[in-house]
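Enquirer: Quick one, fold the following:
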Amino acid sequence: MRFEETAQTFRARIPDGNLVRCDFRPDFDGHLVTAYSTILPAQDVAATREAARKLLTEIVDWLRAHLDAFEAGDRLQLEVGFPESVKTHSRQIFKCWLPASRLPDLQGVAFEAAGGGFREMEQWPEGVSWPRAKSVADPDPDTVHDRDSFLEFVRALALDRRASVAAEHALASSSYGSVAGGWENVSIESYLEAALAWAEAPATGASRGLPHEPTWHAFAVFLYCGKIYE
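Expert: Residues are numbered from 1 along each chain as shown. Predicted coordinates:
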């Protein structure tokens with residue numbers, strides 16, 4: 001299989017990655033083959049490090065299964081990091097290297113034991129906007145029963161949106177469908193229009209969610225539906 005076809009196979013298996021090579025002769029008798037891919041931040045440093053290590057292991061397994069694509073003198077370089085949408089500098093998380101001939105000896109990511117090297121870059125967590133942890137509860141309008149609990153709900157809803165904005169910047173969310181935190185309507189006008197549409201829909205607000213006699217709970221449900229109603 002030609003190297004171009006091998007690289008195409010790699011990209012099909014690792015969609016956010018690539019496989020490239022450069023002829024380094026006469027510095028050494030072969031190519032420098034770089035396999036790299038990117039990930040988005042998980043909820044914190046530890047979870048992101050674990051996700052990056054898992055991706056690195058997946059790349060190693062793929063390279064091992066395609067060992068016949070490399071020449072005897074080739075050297076492998078593996079990199080996992082962030083895309084430019086997350087940060088523009090110090091994006092690499094892991095950088096590893098190994099002679100291609102030693103790939104069968106590699107156990108997991110123990111590159112040093114197989115005659116290579118493994119490095120976690122020190123500055124990769126700096127400047128990352130971490131997505132909201134999954135443990136943060138979604139604001140619940142059913143907790144509202146009086147003035148104080150209503151104000152607490154509004155405060156939580158505002159914090160929820162603030163966290164969503166931060167996560168959107170980190171994840172580079174698509175403009176299609178809901179964005180981070182489940183917010184379907186992210187502009188003031190779309191938010192209010194969605195809340196109004198929910199209130200006037202026969203199957204929702206008009207029939208059961210929004211009573212004729214206002215309550216603190218009804219106000220909370222109205223605001224929450226501005227977030228989620230499509």
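Enquirer: make it CA atoms for all contacts and neighbour counts henceforth
Expert: Noted.
Enquirer: who does the helix-or-strand element of the chain with minimal mean pLDDT touch, helix- and strand-wise?
Expert: Confidence across the helices and strands of the chain bottoms out at helix 147-171, with a mean of 79, counting by mean pLDDT, DSSP states H and E. Counting contacts by 3 or more C-alpha pairs under 8 Å, 6 or more residues apart in numbering; DSSP states H and E, helix 147-171 packs against helix 216-228.
Enquirer: how distant is the helix it packs on from the center of its chain?
Expert: 29 Å (C-alpha atoms, centre = their mean, to the nearest Å).
Enquirer: Can you spell out which helices and strands pack onto it?
Expert: Other helices and strands packing on helix 216-228, by 3+ C-alpha pairs under 8 Å, 6+ apart, are helix 147-171, helix 188-200.
Enquirer: Mean neighbour count added to the ones you listed, as CSV?
Expert: Listed next are the helices and strands packed on helix 216-228 as CSV, based on neighbours: other C-alpha atoms under 10 Å:
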stretch, mean neighbour count
helix 147-171, 17
helix 188-200, 18
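Enquirer: could you dump those to JSON lines with distance to residue 211?
Expert: Compiled in JSON lines, the helices and strands packed on helix 216-228 are given as follows (distance: least, C-alpha to C-alpha, whole Å):
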{"stretch": "helix 147-171", "distance to residue 211": "16"}
{"stretch": "helix 188-200", "distance to residue 211": "10"}
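Enquirer: On the three-state scheme, the most centrally placed residue in the chain is what?
Expert: For the chain, the residue nearest the mean C-alpha position is residue 40 (3.1 Å; C-alpha atoms, centre = their mean). Classification of residue 40 by DSSP: H, G, I helix; E, B strand; the rest coil places it in coil.
Enquirer: ok now do the closest residue to residue 149 other than its chain neighbours, which residues does it touch?
Expert: With sequence-adjacent residues excluded and distances taken as C-alpha to C-alpha, 6 or more residues apart in numbering, residue 149 is closest to residue 143, at 7.0 Å. Taking C-alpha atoms under 8 Å, 6 or more residues apart in numbering as the definition of contact, the neighbours of residue 143 are 149, 153, 217.
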